[in-house]
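# My questions are about this predicted structure, shown below with the sequence.
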Amino acid sequence: MSLIKIIPLQFSAVEELEIMLSIISNRFKIETRLSTRPFDMTPYFNPVRSQYNANEIIQQLVTSAGDDNKIVGITELDLFIPVLKYIFGQAYLGGSAALVSGHRLHNSRYGLAEDPKLYSDRLLKCLIHELGHAFGLKHCLKPGCVMVSTTYVEEMDQKSDIFCHTCQEELAELTA
Amino acid sequence: MMDNNLSILVVDDELSVRDSLSNWFIEDGYTVDTAEDAKVALKKIEAYHFHIILIDIKLPGMDGLELNRRIKTINEDTIVIIMTAFASVDSAVEALKDGAYDYVCKPFDPDAVTHIIRNASKSIQLSQENLSLQDRIKSLVNVEDIIGESEGILNVLEQVRVVAETDSTVIINGDSGTGKELIAKAIHMNSSRRFFPMVTVHCGAIAENLMESELFGHERGAFTGAQYARKGKFEMADGATLFLDEISTISMKMQIEILRVLETKKFTRVGGNREFSSDFRVICATNRDLATMVKNGEFREDLFYRLNVFSIDIPPLRERVEDIKLLSEHFVKLYADQMNKGTRHIGKRAAKALQNYAFPGNVRELENLIERAIVIGTGDTVQLKDLPFQQNIDKPTWESIQDMEHHHIESILKKYDWNISQAAKALGVDRVTLYSKIKKYKIEKGS
């Protein structure tokens, strides 16, 4: 594997991402870069649901991933896949692209005071989790592992941003 | 990593739904397949057992409701989850009446679908556990269920009946494979302790240095690696039966320890000071003669007398030949059912071969022979060729020396194509003697 590319898709807090680059690089032992390539999200907007179609965005991201690279899009927009009301992120197991949304990770969305540190932590967990899938990791049952499946933010706060020993070993094999 | 043994089939005519759900479930470690309509789904369901099937209520051709009904006729236990739009909730309710497990409205809340699948998985796990428990209950031993009508086994069963009602210590003597543990279970299951487990210690299988901890348990830090306190078998057998298999293999040192516990019913864990007491009944088994071992100084006399309150001797299978037929038929039915085979009978030659065999490995050997025969056999009857010893079985069982001589001469004549000179030479007699033997036994060419 030669590179992990993170591409902001209507995501303003780019400085946050720069801090996360070294953490992600360290977790996956792969060079991680920020891509500044423009990406138009308009075609993926679904007016009926007022959300953006994650499947279609990922399909587009795959075409720009490049050989042996993983690309992960990050956005502030609300994402959906046709069968689900919303998603925090999406990736195909062993695929080359992943997608993460910070839209539902804000405390304010749940009537609580905004907490930038907590938001940033959640975003990092989402990024590592979806990238984990893109590298071929399945969901994990070990409490605290970043690969634990989460469907609401409270669950996300209960897990860490690191892989458990088993997932770490599995990842090492997958990336070898 | 999550690895489920469960399989899911997603039936939906929309590719995006199939792909999204399939990806979702694969990440959770399920085995997933998809079908775009009911026809494809039914083909896949007939070829493979899916634990959970998600069906969109609106499908081209046969709709989801009809598909649900068809699935229930193929496998009633399959969990069907109906996917529906809000507009068709009434139809989803109809599906529930037809045996569907649950329904979800599209688009799903990720949390809701996760919970439904987890609950369905738990439900499958529970019914699998239920089946396994039912099997275990079936395998509990009733005296009436022990196979055999020979005098030897009937004697044993009568002794089991008598001793089960008491709380006496029992020694079961018998060769390897005669069913000592089965008899121990029968005693336990017919005793007042049957509501507690029978705790088994295979003394011969436990290393000498681990035996103490195995029997008495140990406290945390009692020795290197003892990170946690652990109950021993004496403690676990409180209120129950302790079955000490192969008691003859335990060391002299451990014999002293066991004797002390049997006398006081009190002990301490390894590395601990706290005294525990336990109310257990001891049944032990041996394939060696403990009395002889006592004479030879290999087994403590005091422990022998403590254990030898009631003794049951199980005869070897060769001494109860009349049970071979019944046992064989029992094992044929047992393994044919387990392997879903139609084998129900034992052929005449196979039955004769079994009757004539000495079974040094006793009932265990007979059971293995039949299991093997069911595996390799075809048709509804166990044939001689399915048994591993047919080459020995065709040998005639002559009673007298004359019979033996008759058949031997006949076979040598056949071997040398009735060339008298060669046959006589091979037999070590002259031609005249051979002629007289042929006449005596009325052996004819071509017979």
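Sure thing, it's come through.

# next helix or strand past the lowest-mean-pLDDT helix or strand in chain B?
Of all helical and strand segments in chain B, the minimum by mean pLDDT, DSSP states H and E falls on helix B:390-393, at a mean of 49. Once the chain leaves helix B:390-393, the next helix or strand it forms, by DSSP states H and E, is helix B:401-415.

# which strands and helices sit next to that following helix?
Applying 3 or more CB pairs under 8 Å, 6 or more residues apart in numbering or on different chains; DSSP states H and E, we find helix B:401-415 packed against helix B:420-427, helix B:431-440. All C-beta atoms are positioned from the backbone trio N, CA, C, and that covers glycine.

# Could you tell me the model confidence score at whatever residue of the stretch 251-400 of chain B ends up closest to chain A?
For the stretch 251-400 of chain B, the residue closest to chain A is residue B:271, as judged by CB to the nearest CB, at 30.3 Å. As predicted, residue B:271 sits at a pLDDT of 88.

# where does the stretch 51-200 of chain B have low pLDDT?
Applying pLDDT under 70 to the stretch 51-200 of chain B flags residues B:86-87, B:135-141, B:143-144.

# Near chain A, which residues of it? Just list them.
Counting by CB under 8 Å from any CB of the partner chain, the residues of the stretch 51-200 of chain B close to chain A are B:83, B:106, B:107, B:108, B:109, B:110, B:111, B:113, B:114.

# And what about the one residue sitting closest to the centre of chain A, helix, strand or coil?
For chain A, the residue sitting closest to the mean C-alpha position, by CA atoms, centre = their mean, is residue A:127 at 3.1 Å. With DSSP: H, G, I helix; E, B strand; the rest coil as the basis, the three-state label of residue A:127 is helix.

# Go ahead and confirm it touches residue A:70.
No. With contacts counted by CB atoms under 8 Å, residue A:127 stays clear of residue A:70, the gap being 11.1 Å.

# just the helices in chain A please.
Applying DSSP state H to chain A gives helices spanning A:14-28, A:54-63, A:116-134, A:153-158, A:165-175.

# How many residues are close by the closest residue to chain A within the stretch 151-300 of chain B?
Residue nearest to chain A within the stretch 151-300 of chain B (CB to the nearest CB): residue B:227, separated by 18.1 Å. Using other CB atoms under 10 Å in any protein chain shown, residue B:227 is surrounded by 8 other residues.

# Which secondary structure state is assigned to it?
Going by three-state DSSP: residue B:227 is coil.

# what's the spacing between it and residue B:219?
11 Å (CB to CB, to the nearest Å).

# what residues are up against residue B:14?
A:82, B:56 (CB atoms under 8 Å, 6 or more residues apart in numbering or on different chains).

# pLDDT score assigned to it?
Confidence at residue B:14, expressed as pLDDT, is 88.

# How about residue B:1?
pLDDT at residue B:1 comes out at 55.

# Residue B:85 contacts residue B:106, doesn't it?
Yes. With contact defined as CB under 8 Å, residue B:85 reaches residue B:106; the gap is 5.5 Å.

# So for these two, which residue has more residues nearby?
When residue B:85 and residue B:106 are compared on other CB under 10 Å, the one with more neighbours turns out to be residue B:106, at 19 against 14.

# my read: that one touches residue B:88, true?
No. Using CB under 8 Å as the test, residue B:106 is too far from residue B:88 to be in contact (9.8 Å).

# ok so, going back, my guess is the residue of the stretch 251-400 of chain B closest to chain A meets residue B:221, correct?
Yes. If you go by CB under 8 Å, residue B:271 and residue B:221 touch, sitting 6.6 Å apart.

# between the two, who's got more neighbours?
Shown here are residue B:271 and residue B:221; by other CB under 10 Å, residue B:271 has more neighbours (16 against 13).

# Spit out the contact partners of residue 109.
Let's take chain A. Contact partners of residue A:109, counting by CB under 8 Å, 6+ apart, are residue A:103.

# wrong one, chain B
Residues in contact with residue B:109 (CB under 8 Å, 6+ apart) are A:84, A:85.

# please redo it, this time with the cut-off set to 10 Å
With contact set as CB atoms under 10 Å, 6 or more residues apart in numbering or on different chains, residue B:109 has these partners: A:84, A:85, A:86, A:151, A:152, B:115.
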